[in-house]
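K.L.:
let's see this in three dimensions:
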Amino acid sequence: MVYTGGSVLYVGPIIDGILGGNELLTSVYTAYMADVTSVDNISINTAGFGVASSLTAMVMPMVGPFLVASTGDRLLPFKIGLVLQILLAVFVGVIVPESLSVEAREHHVKVAAAEHAEQERLEAHDSHDSTCHQRFGRRIQRLRKQVMRHILAPLDALSVFMPKPFQDGRPGRDWNLFCIAAIVFLVTLSREEGPEIHYTIFAFGWGQGELGRRMSLLSTWRTVTVLSIIPFYRFVLKPWLARRMARRSVSAEETPLLLPPDAADDDASPEHDMTETRAKARADLGFLGTSLLVEMLGYLTMGVNAGGSVWQYAIGKAGAIAGSQGTLVIEPLLLELGPKEQAAGRLFGASAVVSTIGGTFFNSLLFNSVLWATIGSYAPALFLVAALLYLLALVFVAGIRAPKA
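P.N.:
Numbering: from 1, shown residues only. As a prediction, this is how the structure comes out:
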C-alpha cells in the first residue's frame with residue numbers, strides 16, 4: 001500500500017462536490033417523486049428518504065468500528081461504501097423506470113438534435129468563408145461561450161425564483177418563489193454539523209466514543225420525529241386544516257349587505273370558497289412557520305447555554321431536530337405556489353442550487369469564523385447566529401401569500 005499521508009481522503013469529497021453531492025441526489029429524487037406521485041405525497045416520500053438516511057447514520061457508526069476491530073482493515077468501511085455506490089448506480093440505471101413521458105423525452109431529443117445541427121452549420125460556414133486563423137479563432141470563441149454557459153448554467157436556473165408579474169393581471173409582482181428560495185438558503189446556511197462537533201469537543205471534552213454515541217442518538221431521534229411528525233401532519237393534520245380553511249369565510253359586513261340569505265348558506269359558492277390548492281398551501285405555510293419557530297427556539301436554547309450544560313444542549317438539539325422536519329413541506333409548496341407552467345424538475349433543480357450555495361459554500365465559512373472568533377469568550381455564539389438566521393426565515397414565511405382562489 002502506498003503511503004499518502006491521508007491526502008487521498010480529500011479526493012472523494014472533491015469528486016462528490018463536483019458531481020453535485022447529496023443536494024443533487026435529493027433534488028433528483030424529489031423531482032422523480034413529483035413525476036410519479038401527487039403533490040400531497042411528496043413530503044411523506046421525502047420523509048421516507050430521510051428515515052432511510054437516518055437509519056444508516058444511526059447504524060453505521062456502530063457497525064464501522066466493529067468491522068474495523070474484527071478484521072483489522074481500516075479501509076473496510078470505504079470498500080463497503082464503494083460496493084454500495086456501485087449497487088446504487090446499477091439500481092438507478094437499470095431497475096428504476098423512467099418518469100418522463102414519451103412526449104417529454106422526444107422533445108429533449110429534438111432540442112438536442114437542433115443544437116447539434118446548428119453547431120454543424122456554424123462549422124460548415126467557418127470552413128468555407130474563413131481562413132484557417134479565423135476558423136480557429138471562432139471555434140475558440142464558441143468553445144469559450146459553451147464552457148461559460150455550462151459553468152453558469154446552475155445560476156441560470158435561479159431565474160425561476162425571480163419575482164414575476166401576477167398571472168391574473170393584478171398589479172405588482174409575485175414574490176412567493178423568491179421567499180421560498182430565501183428560506184431554503186437561510187435554513188441550509190444554518191445547519192452546519194462540523195463547527196457544532198468542534199463546540200462539543202471544546203465545551204464538554206467529548207472524544208470519539210462520545211461523538212459516536214451522539215451521532216447514533218441524534219439519528220435515532222431524527223428517525224422517531226420523521227416517523228411521527230410527518231405522517232401525522234400528512235394524513236391527519238393537513239387534511240383537517242385544509243378542510244377547515246376551505247370552508248366559506250364571509251365577514252360580518254358582507255353577509256347582510258352583499259349576499260342574499262340563500263347565498264350566505266351556500267358552502268359551494270365559488271366566490272367565497274378557497275380552492276383546494278390554496279387551502280393546502282396555507283396549511284403547509286402554517287406548518288413550515290411553526291416548525292421553523294420550534295427549530296429557532298432549539299438553537300436559542302443551545303445559544304444561551306453559557307454554563308456548558310450537556311442537558312441543556314441535548315434539549316435544544318432535540319427541539320431543533322424536531323422542528324427541522326417541517327422543511328419537508330418546502331417541495332410541495334414550490335408546486336403549490338409556483339406558476340403552473342413551471343416543471344417540477346426545474347423548480348427542484350433551482351432549489352438544489354440554492355441549497356448548495358447556502359449549505360456548501362457559505363455555512364462552513366460563516367460558522368467556522370464565528371466559532372473561531374468566539375470560542376474563547378462565548379462558545380455557544382454560533383447557535384445564536386443560527387437562531388437569528390431562522391428568525392429571518394420566519395420573516396420570509398410571513399411574506400408568502402397563498403394563491404388566489
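
K.L.:
would you check that A386 makes contact with T188?
P.N.:
No: counting by CB atoms under 8 Å, A386 does not reach T188; the two are 11.5 Å apart. Every C-beta, even on glycine, is put in place using the N, C-alpha and C of the backbone.

K.L.:
more crowded one of those two?
P.N.:
A386 (30 against 22; other CB atoms under 10 Å).

K.L.:
let me see the contact set for the more buried one.
P.N.:
Residues near A386 by CB atoms under 8 Å, 6 or more residues apart in numbering: 190-191, 299, 303, 367.

K.L.:
buried residues, the helix or strand harbouring it. List them.
P.N.:
Under the criterion of DSSP states H and E, A386 resides in helix 381-398. Residues 381-390, 392-394, 396-397 are the ones in helix 381-398 that count as buried (16 or more other CB atoms under 10 Å).

K.L.:
from the contacts of A386, pick the one nearest G64.
P.N.:
Within the contacts of A386, distances to G64 taken as CB to CB reach their minimum at R191, with 23.3 Å.

K.L.:
can you pull the contacts of the closest one?
P.N.:
By CB under 8 Å, 6+ apart, R191 lies in contact with 324, 359, 363, 386.

K.L.:
would you mind splitting the chain into its domains for me?
P.N.:
Per automatic domain parsing, the structural domains of the chain span 15-99+162-241+275-398, 103-157.

K.L.:
and those domains, which one is worst for confidence?
P.N.:
Lowest mean pLDDT within the domains of the chain: domain 103-157, a mean of 65.

K.L.:
how far does it stretch from one end to the other?
P.N.:
Length of domain 103-157, first residue to last, CA to CA, to the nearest Å: 23 Å.

K.L.:
mind listing the helices for the stretch 201-350 of the chain?
P.N.:
Under the criterion DSSP state H, counting those that start in this stretch, the stretch 201-350 of the chain carries helices at the ranges 208-232, 238-246, 254-258, 261-264, 276-303, 310-324, 330-337, 344-356.

K.L.:
show me what contacts R346?
P.N.:
R346 makes contact with 157, 160, according to CB under 8 Å, 6+ apart.

K.L.:
my bad, V96
P.N.:
By CB under 8 Å, 6+ apart, the neighbours of V96 are Y32.

K.L.:
could you do D73 as well?
P.N.:
D73 touches 67, 79, counting by CB under 8 Å, 6+ apart.

K.L.:
for it, what are phi and psi?
P.N.:
phi -100, psi 110 (degrees, to the nearest 10).

K.L.:
how many neighbours does V226 have?
P.N.:
By the measure other CB under 10 Å, the count of residues near V226 is 25.

K.L.:
only the C-alpha atoms, please, for the helix or strand that contains I14, written as CSV.
P.N.:
Assigned by DSSP H and E, I14 falls within helix 11-18. C-alpha atoms of helix 11-18 as CSV (Å, rounded to 0.1, in the frame of the first residue of the first chain):
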residue,chain,number,x,y,z
VAL,A,11,-10.2,13.2,-3.4
GLY,A,12,-13.6,11.6,-2.6
PRO,A,13,-15.3,14.8,-1.2
ILE,A,14,-13.8,16.8,-4.1
ILE,A,15,-15.3,14.4,-6.7
ASP,A,16,-18.6,14.3,-4.7
GLY,A,17,-18.8,18.1,-4.7
ILE,A,18,-18.1,18.4,-8.4
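
K.L.:
what helices or strands is it leaning on?
P.N.:
Helices and strands touching helix 11-18, by 3 or more CB pairs under 8 Å, 6 or more residues apart in numbering; DSSP states H and E: there are none.

K.L.:
if we use 10 Å, what do you get?
P.N.:
Counting contacts by 3 or more CB pairs under 10 Å, 6 or more residues apart in numbering; DSSP states H and E, helix 11-18 packs against helix 21-36, helix 76-90.

K.L.:
what about stretch 198-215, start to end distance?
P.N.:
End-to-end for stretch 198-215, by CA to CA: 14 Å.

K.L.:
now do the shared contacts for A386 and T188.
P.N.:
Here A386 and T188 have N363 as joint contacts, going by CB atoms under 10 Å, 6 or more residues apart in numbering.

K.L.:
picking up where we left off before, out of the helices and strands packed on helix 11-18, which is the most enclosed?
P.N.:
Looking across the helices and strands packed on helix 11-18 with neighbours counted as mean count of other CB atoms under 10 Å, the highest average goes to helix 21-36: a mean of 18.

K.L.:
which of the contacts of R191 sits closest to Q141?
P.N.:
G359 (35.6 Å).

K.L.:
that closest one reaches T327, doesn't it?
P.N.:
No: here G359 lies out of contact with T327, judged by CB atoms under 10 Å, at a distance of 11.9 Å.

K.L.:
mutual contacts of the two, please.
P.N.:
With CB under 10 Å, 6+ apart, G359 and T327 have common neighbours 184, 187-188, 191.

K.L.:
and which of the residues you listed is nearest E210?
P.N.:
Nearest to E210 among those, with distances taken as CB to CB, is R191, at 21.1 Å.

K.L.:
state the distance from that closest one to L366.
P.N.:
12 Å (CB to CB, to the nearest Å).

K.L.:
if we can go back for a sec, just the ones of the shared contacts of G359 and T327 in helices?
P.N.:
Using DSSP state H, 184, 187-188 are the members of the shared contacts of G359 and T327 that sit in helices.
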